[in-house]
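**Student:** Whatever this is, show me its structure:
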Amino acid sequence: MGFFDKLTGTQRPPDGVPAVPGEEMRAALLGLNGPQAAFVVRYGGGERCDLLAEWRLTEPAWQQIFVRSQISHAVRIRMRLDRQAHEVRALEEQWELSRVGTPTRLQVTSAYTRGPSRTVSRQWTIGRGADGRVEATETFRFDSARLREPLRATVLESGWTWRPVVFGKL
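**Tutor:** Reported below is the predicted structural model:
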């Protein structure tokens, strides 16, 4: 791994893992969808990419979870599959979020950034433990890496390279 690969976060599959064909790679990434996943992976036709992964911010079942999480950024990952090089080029984009209205809902503001980032939100409850001493108990945790990590793991397990795009085109 070169210096620039470390700088950008490029990861290569372990030695000996054969690369699957492009359609299997696409199917594996789309296979991450499910009712328990807080994100959706879909075709990126209108977004100038092959696949797009994003949080389910607008879906009613997930909206209150995201509001409660106190997240401040919406994240989406646009992916382009390079079938000849067996690599997935990934562009991570973020927008700032604000909370509006009653009941509270999330609204995207105009602040935009690109490149890998991580947002972690935790909520704690202070109370007395069984021994009567004051203790903090984590009651809620949200980590934005839960979007990137399953995508990257699927790519690497399929024998492809995960190449984040920091500069230039996807």
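**Student:** give the contact list for C49.
**Tutor:** By CB atoms under 8 Å, 6 or more residues apart in numbering, C49 lies in contact with 78-80, 91, 170. The C-beta positions use only the backbone N, C-alpha and C, and glycine is treated the same way.
**Student:** Point to the residue nearest the middle of the protein.
**Tutor:** L147 (2.2 Å; CA atoms, centre = their mean).
**Student:** before we move on, what SS does that residue have?
**Tutor:** Of the three states, L147 takes helix under DSSP: H, G, I helix; E, B strand; the rest coil.
**Student:** Could the C-alpha coordinates of stretch 124-134 be exported in CSV?
**Tutor:** C-alpha atoms of stretch 124-134 as CSV (Å, rounded to 0.1, in the frame of the first residue of the first chain):
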residue,chain,number,x,y,z
TRP,A,124,-26.4,8.5,28.6
THR,A,125,-28.7,8.2,31.6
ILE,A,126,-27.4,8.9,35.0
GLY,A,127,-28.8,6.8,37.8
ARG,A,128,-28.0,4.7,40.8
GLY,A,129,-26.6,1.2,40.3
ALA,A,130,-27.5,-1.9,42.3
ASP,A,131,-24.8,-1.0,44.8
GLY,A,132,-26.3,2.5,45.3
ARG,A,133,-23.4,4.3,43.6
VAL,A,134,-24.0,6.8,40.8
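**Student:** any idea of the mean pLDDT in that stretch?
**Tutor:** Stretch 124-134 comes out with an average pLDDT of 87.
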